[in-house]
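could you look at this predicted model? Sequence included:
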Amino acid sequence: MPDICEALVVGAPPEAVFDAINSAEGNRAFWTDQTEYEPAEGSVAVFSFGPNAETQFRFEVTSLYALDEYVRTGASTPPFSVY
C-alpha cells in the first residue's frame, strides 16, 4: 500500500495545535466526538464513527515529544501513522 501524506495548515501557534491534538477533547472537536484517548506513550487511542461506533480506528501512541514530534501508529487494519 502506498504512503498517504496529508499536510494541514493551521493558523494557530504550535503549542495550541499540539495541545489540541494531544487531548481527547481536542480530538473530539477536530475529528470525532467518539474519541477515547490518554496522552501517554504506549496508550491506545480509539476513534469511533457511526451511531453505534461500528467503525473504529485504533492508534498506539508510540512517540510523544511536545512540539517536535508526535507519532500515532495504526493498531488496526490498515496500519498507518500520524506525524
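Good, I have the coordinates.

could you dump stretch 19-38 to PDB, C-alpha only?
What follows is stretch 19-38, C-alpha atoms only, in PDB (Å, rounded to 0.1, in the frame of the first residue of the first chain):
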ATOM      1  CA  ASP A  19      -2.400  20.800  23.000                       C
ATOM      2  CA  ALA A  20      -5.400  20.200  20.800                       C
ATOM      3  CA  ILE A  21      -4.300  17.000  19.100                       C
ATOM      4  CA  ASN A  22      -2.800  15.700  22.400                       C
ATOM      5  CA  SER A  23      -6.100  15.700  24.300                       C
ATOM      6  CA  ALA A  24      -9.300  13.700  24.000                       C
ATOM      7  CA  GLU A  25     -11.300  17.000  23.900                       C
ATOM      8  CA  GLY A  26      -9.200  18.400  21.100                       C
ATOM      9  CA  ASN A  27      -9.600  15.200  19.000                       C
ATOM     10  CA  ARG A  28     -13.300  15.200  19.700                       C
ATOM     11  CA  ALA A  29     -13.600  18.700  18.400                       C
ATOM     12  CA  PHE A  30     -11.400  18.100  15.400                       C
ATOM     13  CA  TRP A  31     -12.300  14.600  14.200                       C
ATOM     14  CA  THR A  32     -15.000  12.600  16.000                       C
ATOM     15  CA  ASP A  33     -16.900  13.100  19.200                       C
ATOM     16  CA  GLN A  34     -16.500   9.400  19.900                       C
ATOM     17  CA  THR A  35     -12.800   9.600  21.000                       C
ATOM     18  CA  GLU A  36     -11.100   7.700  23.800                       C
ATOM     19  CA  TYR A  37      -7.600   8.900  24.300                       C
ATOM     20  CA  GLU A  38      -5.000   9.100  27.000                       C
END
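
so for it, what gets flagged as buried?
Neighbour-count burial for stretch 19-38, counted by 16 or more other CB atoms under 10 Å, picks out 19, 21, 26, 27, 32, 34, 35, 36, 37. Bear in mind the C-beta positions are built from the backbone N, C-alpha and C, glycine included.

what ranges does this protein have for its helices?
14-21, 24-30 (DSSP state H).

would you check which pair of the buried residues of stretch 19-38 lies furthest apart?
Pairwise distances among the buried residues of stretch 19-38 were taken by CB to CB; the largest, 20.7 Å, belongs to 19 and 34.
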